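Asker: Provide a 3D model corresponding to the input given below.
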Amino acid sequence: MPWLLMAQAATFPILAPGAEVRLVSPDLLEIHATGRVEDGLLTLVGDALPVGLELRVLVFPAGADDADRAAAAAGATAIAGRVQPDGILVAAPSGDARLLRAILAEQGIVLRLPGDPRP
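Answerer: The predicted structure follows:
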C-alpha cells in the first residue's frame with residue numbers, strides 16, 4: 001500500500017483538550033470532517049466517509065501558534081489514512097497500520113466519526 005509508505009515516518013501526536021482534527025483529501029483541498037477534543041471526546045462532523053477513501057489527518061494543537069497552523073495546513077504534519085469498514089487506518093509510530101480509534105483510545109479519547117451512531 002503506497003499510501004502507508006508515506007505515513008510510516010509519521011507519529012500521531014498526543015491530543016490535548018482543545019486540539020482540532022481535520023480529515024482532508026490527499027491534496028489537502030477538500031475537508032471531509034472536522035472536530036475538536038472536548039472532555040475526552042472527539043466528534044468529527046461531516047458527511048459519512050466511504051470505505052476506501054484515502055485521506056490525510058491534520059492536527060492543530062490546542063493553543064497552536066501561526067507557525068503550527070501553517071505547517072499542519074500545508075500538510076507538513078499530515079498523517080496518511082484510509083477509511084476501512086471498521087474505521088480509519090493510519091500509520092502508528094512503529095510504522096504498523098492501526099485504527100485511529102484505537103490510537104485515540106490509548107490517549108483516553110473516544111472517537112466518533114461521521115455516521116457513527118450516537119450513544
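
Asker: Regarding the spatially most central residue of the chain, which helix or strand does it belong to?
Answerer: The centroid of the chain falls nearest to Val57 when counting by Cα atoms, centre = their mean (3.5 Å). Element membership for Val57 (DSSP states H and E) is strand 54-60.

Asker: Would you indicate which residues of that strand are buried?
Answerer: 55-60 (16 or more other Cβ atoms under 10 Å). To be clear about C-beta, it is placed using only N, CA and C from the backbone, and glycine gets the same treatment.

Asker: Can I take it that Arg101 is in a strand?
Answerer: No - per DSSP: H, G, I helix; E, B strand; the rest coil, Arg101 lies outside any strand segment and is helix.

Asker: Just give me the neighbour total for it.
Answerer: 17 (other Cβ atoms under 10 Å).

Asker: Show the contacting residues for it.
Answerer: 87-88, 111 (Cβ atoms under 8 Å, 6 or more residues apart in numbering).

Asker: Same check on Gly115?
Answerer: Gly115 neighbours (Cβ under 8 Å, 6+ apart): 48-49.

Asker: Does it belong to a helix, a strand or coil?
Answerer: Strictly by three-state DSSP, Gly115 counts as coil.

Asker: any idea how far it lies from Ala33?
Answerer: Between Gly115 and Ala33 the computed distance is 10 Å (Cβ to Cβ, to the nearest Å).

Asker: joint contacts of those two?
Answerer: When contacts are counted by Cβ under 8 Å, 6+ apart, Gly115 and Ala33 are jointly contacted by Leu49.

Asker: What's the first helix or strand after the lowest-mean-pLDDT helix or strand in the chain?
Answerer: Ranking every helix and strand in the chain by mean pLDDT, DSSP states H and E puts helix 2-7 at the bottom, with a mean of 40. Going down the chain from helix 2-7, the next helix or strand is strand 20-24, by DSSP H and E.

Asker: That next one - which strands sit beside it in the sheet, and in what orientation?
Answerer: strand 31-38 (antiparallel), strand 54-60 (antiparallel) (DSSP bridges).

Asker: Sounds good, over and out.
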